[in-house]
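Participant: only geometry, no sequence info:
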């Protein structure tokens with residue numbers, strides 16, 4: 001089964017994206033590595049905003065991390081010409097919009113890691129950081145990835 005088919009099992013499809021976002025690029029490729037810019041918890045008309053520990057539960061944050069992950073995969077698909085060209089997910093930086101006292105950022109970013117493992121199997125096993133901070137426009141989650149492709 002292709003990576004794209006595994007993603008569809010989870011109810012998601014990928015869309016090509018315009019990489020030029022003015023002052024920044026949504027992603028760049030250097031050799032066989034793709035570096036995505038941070039992708040917030042927004043996919044189409046669906047967006048998840050708020051602080052974990054005040055406005056949102058861990059479960060809602062988990063879903064927000066999945067939306068951010070699909071955003072990253074849209075960038076990878078656009079730059080690589082398809083996610084089936086992924087060799088390995090190398091690194092994930094997960095940023096969580098936290099209320100004071102919320103420290104369970106790993107459980108939120110598991111939404112990303114679980115999705116990557118489902119889609120890519122062992123090739124989706126990655127190094128990861130999951131940190132709490134204030135995020136732009138009150139989005140719940142923002143994720144960056146480094147992905148190796150052929």
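Facilitator: Perfect, I can see it now. None of these values were measured; they are calculated from a predicted model. Residues are numbered from 1 along each chain as shown.
Participant: List the buried residues for the longest helix belonging to the chain?
Facilitator: Looking across the chain with DSSP state H, the single longest helix is helix 58-80. Buried positions in helix 58-80, judged by neighbour count with 16 or more other CB atoms under 10 Å: 58, 60-80. (Each C-beta comes from the backbone N, C-alpha and C, glycine too.)
Participant: Would you mind measuring from the residue lying closest to residue 40 once chain neighbours are set aside to residue 55?
Facilitator: In this structure, residue 40 finds its nearest non-sequential neighbour in residue 139, 3.9 Å apart by CB to CB, 6 or more residues apart in numbering. Residue 139 sits 12 Å away from residue 55, taking CB to CB, to the nearest Å as the criterion.
Participant: where do the contact lists of those two overlap?
Facilitator: Shared contacts of residue 139 and residue 55, defined by CB atoms under 8 Å, 6 or more residues apart in numbering, are found at residue 49.
Participant: Who has more neighbours out of these two?
Facilitator: For residue 139 versus residue 55, neighbours defined as other CB atoms under 10 Å are more numerous around residue 139 (22 against 14).
Participant: What residues does the more buried one make contact with?
Facilitator: So, once contact is read as CB under 8 Å, 6+ apart, residue 139 ends up touching 40-42, 47-49, 64, 97.
Participant: Distance to residue 111 and secondary structure added to these, as TSV?
Facilitator: Formatted as TSV, these follow (distance: CB to CB, whole Å; DSSP: H, G, I helix; E, B strand; the rest coil):
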residue	distance to residue 111	secondary structure
40	14	strand
41	10	coil
42	14	strand
47	15	strand
48	11	coil
49	16	strand
64	7	helix
97	14	strand
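Participant: Can you tell me which of these is closest to residue 26?
Facilitator: residue 40 (11.4 Å; CB to CB).
Participant: beta partners of that closest one?
Facilitator: With DSSP bridges as the criterion, residue 40 is bridged to residue 142.
Participant: Excluding chain neighbours, what is closest to the residue nearest to the spatial centre of the chain?
Facilitator: Residue closest to the average C-alpha location in the chain (CA atoms, centre = their mean): residue 69, at 2.2 Å. Spatial nearest neighbour of residue 69, excluding adjacent residues (CB to CB, 6+ apart): residue 112 at 4.5 Å.
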